[in-house]
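A.B. asks: 3D model of this:
(chains A and B)
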There are 2 protein chains.
Amino acid sequence: MRLLKERIQRDGQVLSNEVLKVDRFLTHQIDPELMKAIALEFVREFADSGITKVVTIESSGIAPALFTAYTLGVPMIFARKVKSLTLSDELLTTEVYSYTKKGTRTVSISKKGLSSEDNVLILDDFLANGEAALGLIDLCHQAGAEIKGIGILIEKSFQPGREKIEAAGYNVHSLARIASLKHQQVTFIDE
Amino acid sequence: MRLLKERIQRDGQVLSNEVLKVDRFLTHQIDPELMKAIALEFVREFADSGITKVVTIESSGIAPALFTAYTLGVPMIFARKVKSLTLSDELLTTEVYSYTKKGTRTVSISKKGLSSEDNVLILDDFLANGEAALGLIDLCHQAGAEIKGIGILIEKSFQPGREKIEAAGYNVHSLARIASLKHQQVTFIDE
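C.D. replies: Numbers count the residues shown, from 1 in each chain, chains lettered A, B, ... in the order given. Predicted coordinates for the structure are as follows:
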């Protein structure tokens, strides 16, 4: 997606060979117009998949998932990383390791939110090692829901996330695939 | 706002005299159409305030804040509750006590995100004891930004949040004001 790649080049900051910071338009300050354009890309890809729910994980996945759900005319659910007092009954849970946070945590979705009737589009902001996406896949499995695809905004293609998800049998649709962050530069995969 | 009040009556669950669970349309599963209607309410109230940024706090504030920012044509920023490796430089921080989580945590916004040029609309899903809103007010102060108003979806008016914010000199605009959750019933303030 040209618009997203241009925005990454303009406003992204390469912090290391592995870390790209996009807090000026996606992970902290959010550009709503860009989220809408991103939603239209995902809708174009998944319009014929009979999606009934868009599933993401807090917090940076919420904005693109919300606009995509809005455009598809379906509800959105975000998996929670922390159990709160008001979200304790009948949870589906899974363990997700975060390389950024260097720790494992429980991620949960309410059993009421997903069922075997659902066709799910999983969306997330980043795909790196695939841990978050595999956690969301596990939660959908537990609910008996059918996963129609995994939509990703920024894929770090030099990390094994895509490989793991494809090995699990799922289709990954990424809007920007980064080949390398070496030399403080973002290089995209030619497509 | 009639639509929100009806939704609370239909899909909200009163867990105790103090706790209302709205995870079927706001805090876990989100109804994007409702978020859009909510955004239009806030825009009607704040359209003439010259808002340049909508500021909220993760995670449940993101959806209504995003649609409101989109409708106003301005960026949205969400304050983060957890410091991540990629968001460590030049942060404005404040301490927020959560009665739900029973603990204090640091909430932060990037210095790059807000400046003295900004007119801010602060938005949040709930107003109870006012801790989160006062934390966001403090962050805006630190940035030198002007706060044009505080928009709240669900105000628990039997708790002291509104009083504290008004005492600090700010206008609170709440879409649904709850007088009581006693007897497992949601009673709204007559307006």
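
A.B. asks: in the longest helix anywhere in chain A, what's buried?
C.D. replies: The helix of greatest length in chain A, counted in residues with DSSP state H as the criterion, is given as helix A:32-46. Taking 16 or more other Cβ atoms under 10 Å in any protein chain shown as the basis for neighbour counts, the residues of helix A:32-46 that come out buried are A:P32, A:L34, A:M35, A:K36, A:A37, A:I38, A:A39, A:E41, A:F42, A:V43, A:F46. Bear in mind the C-beta positions are built from the backbone N, C-alpha and C, glycine included.

A.B. asks: wait, is A:I109 part of a helix?
C.D. replies: No. Counting by DSSP: H, G, I helix; E, B strand; the rest coil, A:I109 falls outside a helix, being strand.

A.B. asks: which residues touch it?
C.D. replies: Contact criterion Cβ atoms under 8 Å, 6 or more residues apart in numbering or on different chains gives A:V55, A:I77, A:A79, A:R80, A:L91, A:L92, A:L139, A:A143, B:H28 as the residues in contact with A:I109.

A.B. asks: In JSON lines, list the buried residues of helix A:32-46 along with pLDDT and distance to chain B.
C.D. replies: Rendered in JSON lines, the data for the buried residues of helix A:32-46 read as follows (pLDDT from 0 to 100; distance: Cβ to the nearest Cβ, whole Å):
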{"residue": "A:P32", "pLDDT": "98", "distance to chain B": "4"}
{"residue": "A:L34", "pLDDT": "98", "distance to chain B": "10"}
{"residue": "A:M35", "pLDDT": "98", "distance to chain B": "7"}
{"residue": "A:K36", "pLDDT": "98", "distance to chain B": "7"}
{"residue": "A:A37", "pLDDT": "98", "distance to chain B": "12"}
{"residue": "A:I38", "pLDDT": "98", "distance to chain B": "12"}
{"residue": "A:A39", "pLDDT": "98", "distance to chain B": "10"}
{"residue": "A:E41", "pLDDT": "98", "distance to chain B": "17"}
{"residue": "A:F42", "pLDDT": "98", "distance to chain B": "14"}
{"residue": "A:V43", "pLDDT": "98", "distance to chain B": "13"}
{"residue": "A:F46", "pLDDT": "97", "distance to chain B": "16"}
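
A.B. asks: before we move on, back to that, can you flag the buried ones in the contacts of A:I109?
C.D. replies: Burial of the contacts of A:I109 was assessed by neighbour count (16+ other Cβ under 10 Å); the buried members are A:V55, A:I77, A:A79, A:R80, A:L91, A:L92, A:L139, A:A143, B:H28.

A.B. asks: host element of the first one?
C.D. replies: Spelled out, it's A:V55. For A:V55, the element it lies in under DSSP states H and E is strand A:53-57.

A.B. asks: That strand packs against which elements?
C.D. replies: helix A:62-72, strand A:76-79, strand A:119-127, helix A:131-143 (3 or more Cβ pairs under 8 Å, 6 or more residues apart in numbering or on different chains; DSSP states H and E).

A.B. asks: Alpha carbons of that strand, as PDB, please.
C.D. replies: As requested, C-alpha coordinates have been extracted for strand A:53-57 and formatted as PDB (Å, rounded to 0.1, in the frame of the first residue of the first chain):
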ATOM      1  CA  LYS A  53     -16.200 -10.000  13.300                       C
ATOM      2  CA  VAL A  54     -12.900  -8.200  13.200                       C
ATOM      3  CA  VAL A  55     -10.600  -9.400  16.000                       C
ATOM      4  CA  THR A  56      -7.500  -7.500  17.200                       C
ATOM      5  CA  ILE A  57      -5.400  -7.000  20.400                       C
END
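
A.B. asks: List the contacts of it.
C.D. replies: For strand A:53-57, contacts defined as Cβ under 8 Å, 6+ apart pick out A:62, A:64-65, A:68-69, A:72, A:74-79, A:81, A:96, A:107, A:109, A:113-114, A:118-124, A:132, A:135-136, A:139-140, A:145.

A.B. asks: now stretch A:74-84
C.D. replies: Counting by Cβ under 8 Å, 6+ apart, the neighbours of stretch A:74-84 from elsewhere in the structure are A:51-59, A:61-62, A:65-66, A:68-69, A:87, A:91, A:96, A:105-110, A:113-114, A:135-136, A:139, B:28-32, B:59, B:63, B:100-101.

A.B. asks: Now do the buried residues in it.
C.D. replies: The neighbour-count criterion (16+ other Cβ under 10 Å) identifies A:V74, A:P75, A:M76, A:I77, A:F78, A:A79, A:R80, A:K81, A:S84 as the buried residues of stretch A:74-84.

A.B. asks: now those residues in JSON lines, with pLDDT?
C.D. replies: Putting those into JSON lines (pLDDT from 0 to 100) gives the following:
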{"residue": "A:V74", "pLDDT": "98"}
{"residue": "A:P75", "pLDDT": "98"}
{"residue": "A:M76", "pLDDT": "98"}
{"residue": "A:I77", "pLDDT": "98"}
{"residue": "A:F78", "pLDDT": "97"}
{"residue": "A:A79", "pLDDT": "97"}
{"residue": "A:R80", "pLDDT": "93"}
{"residue": "A:K81", "pLDDT": "87"}
{"residue": "A:S84", "pLDDT": "54"}
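
A.B. asks: Tell me which residue is most central in chain A.
C.D. replies: In chain A, the C-alpha closest to the average C-alpha coordinate belongs to A:D124, at a distance of 0.8 Å (Cα atoms, centre = their mean).

A.B. asks: Name all residues that make contact with it.
C.D. replies: If a contact means Cβ under 8 Å, 6+ apart, then A:D124 has A:T56, A:I57, A:G61, A:A132, A:A133, A:L136, A:I150, A:G151, A:I152, A:L153 as its contacts.

A.B. asks: Flag every residue of chain A that's near chain B.
C.D. replies: A:15, A:19, A:21, A:23-24, A:27-33, A:35-36, A:58-59, A:62-63, A:66-67, A:69-70, A:75-78, A:80, A:82, A:84-87, A:100-101, A:109-110, A:112-113 (Cβ under 8 Å from any Cβ of the partner chain).
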